[in-house]
Structures are given as structure tokens and as C-alpha cells.
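Novice: Make a model of this:
(chains A and B)
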Amino acid sequence: MTAAAATKSAIVPRSMVEVRHVSKTYAGGVEALNDLSIDFAEGQLTSLLGPSGCGKTTLLKIIAGLIPASGGEVKVDGRVVTGPGPERAFVFQDFALMPWASVMRNVAFGLELKGMARSEREAVAEKYIASVGLKGFEKAYPHELSGGMRQRAGLARALAVNAKVLLMDEPFSAVDEQTRRKFQEDLLELIARERKTFLFVTHSIEEAVYVSDRIIILSHRPSQVSSIVEPAIVRGGGPDRIRRDPAYLDTVESIWQSLKRYLD
Amino acid sequence: MTIGKFRLPIMSSLLIWAIVWEIAGRTGASFIIPPLSRIFARIIEIVPTAAFGDALWITGKAFILGNLIAIGVGVPLGVLMGRSILADRIFLPWVNMFLSAPLSALVPVIMVVFGAGQTTIVLTVVLFAIWIVVLDARAGVRNITPSLVEMARSFGANRFQAFSKIFIWAALPEILAGVRLGLIRAVKGVVIGQLLVSIVGFGRLFEIYSSRFLMEHFWALLFVLFAFAFAINETLAWLERRFEYFAASRN
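Specialist: Okay, here's the model as predicted:
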């Protein structure tokens, strides 16, 4: 089932991220991933959905190069991952903003680390701050922003380094429901504009169906690909249309049915 | 505290003790306790003198130099211990031991090695101040949100960048607390160093005053030092409060 599901992606243009036989066993003997193979297509938003503790964040961090895999390999844009790299940018669940730095410095931080001149990097940051809807908050500090605004800053920081792949680890889970909805809508617009490859970890079925081109449903630890869903939703019609689209509702329901069995 | 409708200022108990002291002093019960008013008169008399100025200069030099060494060595060491288990295993037992050890007993040993001079006093200051600086920097670094470290790594920070742009800043509230406590210990260190070496700075003045039973002078000097330590503490505490906002918002 796993292998068949993984190779099903033949219809999509090109694999930007290739996960090959990746295993991960933590020091305590917990087996998070076992021989997992998945492809992530270029220019798409692919969600990793699964029961909590199923190893989806572990997989994302292995792809990011933040933790080493115990076995197998990950290729991003054709190159084997050995650590973090400039072609990938990470959006953190808890935002990971520097509380002592302004929004401007936080967003420009990736460029600052690369040694880009101040005026140059601030011009880039300013553009992305505006594109995530934080214009006017350049000088604000993270503690002055709401959770949703903080994550917007985190997203702008990831966009500013102009990586090909954006890795998003449950980016909206620490954000309240109303903010989250607005954010999801804005994210769709952003995806259409930025044409990057997005990998999106979430535990929310609605969220996955709403934003994804493709949803990979993972089983319990050690993770296996349980099934792959490609929501047949027409995105052009605006957010309200999508949420009432029968295809949207049916997909949510069928994923729920397939995930139910993992709950005790 | 309020008496009837009258709200007492926070420091008002000091006033009562000052009055008790003044009365006790005036009864002439003991030459050790001169009236408080005369001690304050003595402060005004002593402070402008050349002897006091020299003592302040030499003490201040040892104090500042010792603290710079304690902070310059202590903060990086604490950060290293907070990040590296190996470094932590190697240094932590020593740091804990020296933190609670009776350090005054070590001053004569330093004196034997480095002679009865300014070097010994500077080292005494370092010896008193450094351990709490190390421990607090270590605690601060261990408190850093892991995702902040991952963030720096994922955006390509090298070790030096991670240290100078993340660790130091993220641990700043704890580091400042450590520096404040270190400075207060350093006041003890500089005076104890000078008393044991007893030929320079305030230590020499204390020695002269007490051996000649000039208790008014003795108390005056003690009060000046006390005010000095209090001012340092308050300045650092103010600085700490300015950075507290992000200590609370780190997680």
C-alpha cells in the first residue's frame, strides 16, 4: 500500500522533495518513522495529516535538516539533505520570533545571517511584511502583536529568504479560530502569488482540505502513508464558495472516516 | 503600612532606627556606637579628602577590572555550559563548589602567589563575582525556547552567529540577574581583599580607622560603601526590569 501510494504521484510535474526509505528512531527507542517514502511535487501545497504523535513534525524537521534521519535519505531539488540549506525555509509552530527584535529585524533575520547589507535586506523585508499584511507594524515588537500577527511575521521571514521550499509546522495551531480562518484565506492567495513548494503539517482536517493540493495521510507511529487525497476543489470562487463546496465537505468527511480508526 | 489615615512611606522604618541609633549614641553607652548625626557629619568631612579620593580611585579600578574579567569570562563559560553537556560536566562541580565555599579563606593563598598588591585584589573580586555570573548565564541559556535555536540553525546561522545573535540575547534577563548578584558579591570581594592585604584603598582606611578607634570615621566609610553597593544594585535592577518584558514573552 505504501509503495503504491507513494508512486501514485506520477501525474504531477516534478518532485521537489523526495523522501526515500527514511527511518527515525529516537534515543529512547521510540520509532517515529520506519522506511517512509514520499514525493512532494514542485509548486504544490502538500499537507501531512495524521493523528497526533504520528511523526509528521519529525519528518518535516528531517526534511529541514534540523534533525538527522536514522536511515534513508531526503533529496531537495535533486540534492541530498545533510543539514539546513538556503533552498528551504521553516515556519515554526510557536513562531520562534526573537522577542528582543522588531518585526523588521525578525523578518530580515535570514538575510542578516547571510550577510546582506542592512538597507538591502530591510527593503526586501519591507516588501514581505506588506505582502503578509503587516504593513505599519515594522517597528513593533513580537509581544505587541497578536498570535496571528506573530505567525504572519514568521511567514514573512521564511518568504524573505526566497527559498524554493517552505516547510510549515502546524503554523496555525497556536492561533485562535477566527484568525486562523482569515490566515488560511490569505495563505491561498500567497501560494498563488509565490509559486513555491509548500509542505504543510497540520492536525486539522478542514485546514488540510481547505489549503492543500494534495494531502498525505499518515498512520500511527511508526508512520506509514495511509492514503493520499487530492481534493478536487475549484479554488477560484473565493473562500466562502470553497467552504460550502460539496467536494470540500465530502473530502473532509471521507478523511475523517479514514482517520477515525486511529483513535482509541 | 498605614497608621490611621496616614500612609507611611516604604522606607519610614529606617527613620525610626535612625532615631534609636541617635539616642543610643548620645547616651554614650559604647564608643562603638557614635551618634548617627556625627557619622553623617564625618561622611561630609571625609569624602572630599585626598585620602578618600585615592582610596576610591584604587578600589574602583580593582572593582571594575575584576568585574569586567568576571563577566567577560563568566558569561561565555556559562553559555558554553548551558549548550554543551561535556563542558557542563567538567565545570559544574567546580562552579557549585566555589559558589558556596568560604572564599575569604582563599585570599591569603592568592596573596602568596601574586603578592600583596592590586593583582591580588582584582583576582579576589573575580573570585567573588564570577561563579554566580556563570551559573545564571547557564540557567538563561538552558531556558531558551528550543525553536529559537532551531530557527537560527534553519536560517543558516554559524556557531558564532548563534552565540552573538541568539544565545546572549535570549539569556539576557538571567545574565543581567547574574551580573547584578556578581557585582554585589564583588563589593564584598574588593573590601575583603583590601582588608586582608590591608595596604591599599578602602581596606587601608578601614585598617587605620579601626586600629585608632575612630569609630565615627569607620561608620562613615561603611555607610559610603553601603550606599555604593545599593546604587549598583538599583541600577542593575532597573536595567533588568527593562529587559523583563521579553523574559515573560519568550515562550
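
Novice: got any ranges where the stretch 1-150 of chain B has weak pLDDT?
Specialist: Applying pLDDT under 70 to the stretch 1-150 of chain B picks out residues B:1.

Novice: Show me which residues of it sit near chain A.
Specialist: For the stretch 1-150 of chain B, the residues in contact with chain A (Cβ under 8 Å from any Cβ of the partner chain) are B:Thr145, B:Ser147, B:Leu148, B:Glu150. Bear in mind the C-beta positions are built from the backbone N, C-alpha and C, glycine included.

Novice: Helix, strand or coil: sort out the third one for me.
Specialist: For B:Leu148, the secondary structure call by DSSP: H, G, I helix; E, B strand; the rest coil comes out as helix.

Novice: From the residues of the stretch 1-150 of chain B next to chain A, pick the one nearest A:Arg152.
Specialist: Nearest to A:Arg152 out of the residues of the stretch 1-150 of chain B next to chain A is B:Ser147 (Cβ to Cβ; 16.8 Å).

Novice: got the contact list for the closest one?
Specialist: B:Ser147 makes contact with A:Phe92, A:Gln93, A:Asp94, A:Phe95, A:Ala96, according to Cβ atoms under 8 Å, 6 or more residues apart in numbering or on different chains.

Novice: ditto for A:Arg195
Specialist: Here A:Arg195 is in contact with A:Gly43 (Cβ under 8 Å, 6+ apart).

Novice: Kindly provide the distance from it to A:Leu159.
Specialist: Between A:Arg195 and A:Leu159 the computed distance is 12 Å (Cβ to Cβ, to the nearest Å).

Novice: same deal with A:Trp100?
Specialist: 22 Å.

Novice: for A:Phe92, same thing?
Specialist: Distance from A:Phe92 to A:Leu159, by Cβ to Cβ: 14 Å.

Novice: Count the residues that sit near the nearest residue to A:Tyr128 once chain neighbours are set aside.
Specialist: Using Cβ to Cβ, 6 or more residues apart in numbering or on different chains and skipping the chain neighbours, the partner closest in space to A:Tyr128 is A:Ala156 (4.2 Å). Residues contacting A:Ala156 under the criterion other Cβ atoms under 10 Å in any protein chain shown number 26.

Novice: which ones are touching A:Ala156?
Specialist: By Cβ under 8 Å, 6+ apart, the neighbours of A:Ala156 are A:Val107, A:Ala125, A:Tyr128, A:Ile129, A:Ser131, A:Val132, A:Leu134.

Novice: Next up, phi/psi of it, please.
Specialist: phi -60, psi -40 (degrees, to the nearest 10).

Novice: per-residue confidence at it?
Specialist: Looking at A:Ala156, its pLDDT is 91.

Novice: Near chain B, which residues of the stretch 51-200 of chain A are found?
Specialist: So the stretch 51-200 of chain A meets chain B at A:61, A:64-66, A:83-86, A:88-90, A:92-96, A:98-100, A:109-110, A:112-114, A:141-143, A:157, A:161 (Cβ under 8 Å from any Cβ).

Novice: Let me see the domain layout of chain B.
Specialist: B:1-33, B:36-248 (automatic domain parsing).

Novice: highest average neighbour count across the ones you listed?
Specialist: Ranked by mean neighbour count under mean count of other Cβ atoms under 10 Å in any protein chain shown, these are led by domain B:36-248, which reaches a mean of 18.
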